[in-house]
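*Asks:* compute the structure for the input listed below.
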Amino acid sequence: MSTKPLTPAATGPAFSPGEVWHDVNGRPINAHAGGILFESGRYYWHGQHMTALPTGAKYPPSAGNLTEVGVSCYSSADLFNWRDEGIALAVSEDPAHDLYKGLRLERPKVLRCPATGRYVMWFHYVRSGKTHAESYEAAVCVADRITGPFRLVKVFRADGNQMVRDCTLYQDDDGKAYFFYASEENMTMHVTQLSDDYLDAGVRWERILIGEQREAPALFKHQGRHYLITSGCTGWSHNSAAYAVADHPLGPWKTIGNPCVGPDARTTYESQSTFVLPVQGRPNAFIFMADRWNYANMADSRHLWLPITLKSDATIEIPWRARWDLSVFN
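*Replies:* Numbers count the residues shown, from 1 in each chain. Down below sits the predicted model:
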């Protein structure tokens with residue numbers, strides 16, 4: 001990339017956005033378009049296990065990636081050293097199963113439900129052998145342990161048969177959970193409050209970012225204000241991020257603009273948003289998580305994490321840093 005680091009190279013463990021990241025066993029971390037949950041002193045990272053398209057696959061690389069393995073899970077105490085916890089949700093070898101391999105399983109996110117103590121995963125689902133035009137659905141899974149195994153509860157269209165595309169889960173301070181998803185042919189985003197057990201949608205729901213054509217939602221909350229970062233809708237091609245703010249997850253949301261600054265800001269540093277991670281023990285520390293897709297070989301897609309700058313006027317910025325560590329939050 002043409003961008004330059006804004007801070008000197010760290011001498012200890014550091015993030016190198018866009019490089020190959022390895023787990024503690026030396027294998028590339030394969031957890032894409034996912035999210036991270038902190039529990040009992042460890043961060044748990046769930047994401048798509050990406051593979052090269054299998055021979056004879058119906059979808060060309062430009063149209064998507066078929067899921068042949070499932071959702072992977074990694075854990076870490078420090079965000080730098082990641083242990084492979086295995087496959088938290090595995091695809092099925094049974095053609096009659098809703099999770100038959102070859103489906104499109106995208107943007108899995110996991111929350112712990114305070115009412116049940118169980119872990120709930122939601123993701124965007126396209127049935128094996130179907131196209132997006134035939135299958136725009138959400139899938140819900142549940143597990144007793146954060147590392148799984150998760151089991152499928154149901155596949156459905158949310159909020160009165162609404163189209164479900166790129167999505168995320170968000171849990172507010174009061175324990176209420178919300179499912180954000182691109183809908184209406186990606187022209188408008190929806191947000192729906194989940195039931196107390198987190199297994200159903202539609203307690204309340206709203207249309208937001210109407211007509212703005214946004215996807216890849218990622219949220220965080222700071223000093224009572226919610227921030228929603230999204231990407232444009234250009235498939236695997238890079239585009240400009242944008243963020244919106246609201247006092248409540250259901251809105252109303254006001255779009256502010258691109259949080260990225262400097263060279264390559266218009267392409268989100270050649271990446272697409274997936275999650276915003278609050279760093280434990282640092283109330284003003286948030287990490288923007290994104291994926292740098294390699295649609296010629298999806299298994300070689302890269303992770304791109306950058307610190308979010310919180311400005312005094314309640315706006316945010318995400319500057320490029322070629323190498324950085326948590327000391328940037330000091």
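*Asks:* what sits against the most centrally placed residue in the chain?
*Replies:* Per CA atoms, centre = their mean, the C-alpha nearest to the average position across the chain is that of residue 274, at 3.1 Å. By CB atoms under 8 Å, 6 or more residues apart in numbering, the contact list for residue 274 reads 32-35, 47, 107, 168, 216, 218, 289-291. In this view, the C-beta of every residue, glycine as well, is placed from N, C-alpha and C.
*Asks:* try 6 Å this time
*Replies:* In this structure, residue 274 makes contact with 33, 289-291, judged by CB atoms under 6 Å, 6 or more residues apart in numbering.
*Asks:* of these, grab the buried ones for ChimeraX.
*Replies:* Those of the contacts of residue 274 that count as buried under 16 or more other CB atoms under 10 Å are selected in ChimeraX with:
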select :33,289,290,291
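*Asks:* make TSV out of the contacts of residue 274 and add distance to residue 41.
*Replies:* Converted to TSV, these look like this (distance: CB to CB, whole Å):
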residue	distance to residue 41
33	26
289	20
290	26
291	27
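*Asks:* quick check: the closest residue in space to residue 159 that isn't next to it in sequence vs residue 43, distance?
*Replies:* Nearest non-adjacent residue to residue 159, counting by CB to CB, 6 or more residues apart in numbering: residue 205, 4.6 Å away. Residue 205 is 30 Å from residue 43, where distance means CB to CB, to the nearest Å.
*Asks:* pLDDT score for residue 236?
*Replies:* Looking at residue 236, its pLDDT reads 79.
*Asks:* circling back to that earlier point, which SS class is the residue nearest to the centre of the chain?
*Replies:* Following DSSP: H, G, I helix; E, B strand; the rest coil, we place residue 274 in the strand state.
*Asks:* one step back: count of residues packed around the residue nearest to residue 159?
*Replies:* Residue 205 is flanked by 18 other residues according to other CB atoms under 10 Å.
*Asks:* which strand residues bridge it?
*Replies:* Counting by DSSP bridges, residue 205 forms beta bridges with residue 192.
*Asks:* phi and psi next, for the nearest residue to residue 103 once chain neighbours are set aside.
*Replies:* Leaving aside its sequence neighbours, residue 103 sits nearest to residue 128 (CB to CB, 6+ apart; 4.2 Å). Phi and psi for residue 128, reported as degrees, to the nearest 10, are phi -60, psi 130.
*Asks:* related to what we said a few turns ago, would TSV of the contacts of residue 274 with distance to residue 320 and pLDDT be doable?
*Replies:* Below are the contacts of residue 274 laid out as TSV (distance: CB to CB, whole Å; pLDDT from 0 to 100):
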residue	distance to residue 320	pLDDT
33	21	97
289	15	98
290	12	98
291	16	97
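*Asks:* so of the contacts of residue 274, which ones are in strands?
*Replies:* 33, 289-291 (DSSP state E).
*Asks:* hmm, who's touching the worst-scoring helix or strand of the chain on mean pLDDT?
*Replies:* Every helix and strand of the chain was ranked by mean pLDDT, DSSP states H and E. The lowest is helix 158-161, at a mean of 87. Defining contact as CB under 6 Å, 6+ apart, one finds that helix 158-161 is touched by 138, 164, 192, 201-202, 205.
*Asks:* buried subset of those as a ChimeraX selection?
*Replies:* Buried residues within those, by 16+ other CB under 10 Å, are selected in ChimeraX with:
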select :138,164,192,201,205
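*Asks:* got the contacts of helix 158-161 as JSON lines, with pLDDT and distance to residue 172 columns?
*Replies:* Listed next are the contacts of helix 158-161 as JSON lines, based on pLDDT from 0 to 100; distance: CB to CB, whole Å:
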{"residue": "138", "pLDDT": "96", "distance to residue 172": "19"}
{"residue": "164", "pLDDT": "95", "distance to residue 172": "21"}
{"residue": "192", "pLDDT": "97", "distance to residue 172": "13"}
{"residue": "201", "pLDDT": "96", "distance to residue 172": "15"}
{"residue": "202", "pLDDT": "87", "distance to residue 172": "17"}
{"residue": "205", "pLDDT": "96", "distance to residue 172": "15"}
